[in-house]
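**Q** next comes the sequence, and after it the predicted model I'd like to discuss.
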Amino acid sequence: MLKDKSELRAVRKARLRKRIHKKIRGTTERPRVHVFKSDRYVYTQVINDETGAVLAAASTLEKEFKEKNKSFKNKKASEALGQILARRLKEMKIEKVVLDRGTSPYHGRIKALADAMRKEGVIF
């Protein structure tokens, strides 16, 4: 029986997430920064996998982000989001993290976000 392409794509992404999550785990010393990139927005969460708690989050939908930026989906927007998230991590005294890019390849908006976090002093 033939499956719809969207179903096959969802199964592939679930398999990728499972494989990545086996290798990348967030701890109290080095929490995991998960990045989800939709067609319009970018969402990030800092997660401690030992307790299952979300320590911090930032997205291009926030009021703080919308006041300063006009666009939500280009590289400049991702850089600004990386700076916002890095500042929040610094306030929480978290300096080392593990990057979880999800099912997206490490280039474009995700690379811009990671580079901006590195410039602010977050190590990963």
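**A** Sure, I can see it.

**Q** got the phi/psi numbers for the residue positioned nearest the centre of the chain?
**A** Per CA atoms, centre = their mean, the C-alpha nearest to the average position across the chain is that of residue 35, at 1.8 Å. Main-chain torsions, residue 35, degrees, to the nearest 10: phi -120, psi 130.

**Q** correct me, but it touches residue 104?
**A** Yes: if you go by CB atoms under 8 Å, residue 35 and residue 104 touch, sitting 7.2 Å apart. The way it works is simple: take the backbone N, C-alpha and C, and place the C-beta from them, glycine included.

**Q** shared neighbours, those two?
**A** Listed contacts common to residue 35 and residue 104 are residue 110; contacts here mean CB atoms under 8 Å, 6 or more residues apart in numbering.

**Q** ok, the residue nearest to the centre of the chain - contacts?
**A** 42-44, 99-102, 104, 110, 113.

**Q** show me the helices in this protein, by range?
**A** 5-23, 63-68, 75-91, 109-119 (DSSP state H).

**Q** closest to residue 51 out of those helices?
**A** Shortest distance between residue 51 and the helices of the chain, using CB to CB, is found for helix 5-23: 16.0 Å.

**Q** can you redo the helices of the chain as a markdown table with mean pLDDT?
**A** Output for the helices of the chain, formatted as a markdown table (pLDDT from 0 to 100):
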| stretch | mean pLDDT |
| --- | --- |
| helix 5-23 | 91 |
| helix 63-68 | 89 |
| helix 75-91 | 95 |
| helix 109-119 | 96 |
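
**Q** nearest to residue 56, out of these?
**A** helix 75-91 (4.7 Å).

**Q** how distant is the closest one from the center of its chain?
**A** Mean-position distance between helix 75-91 and its chain equals 11 Å (CA atoms, centre = their mean, to the nearest Å).
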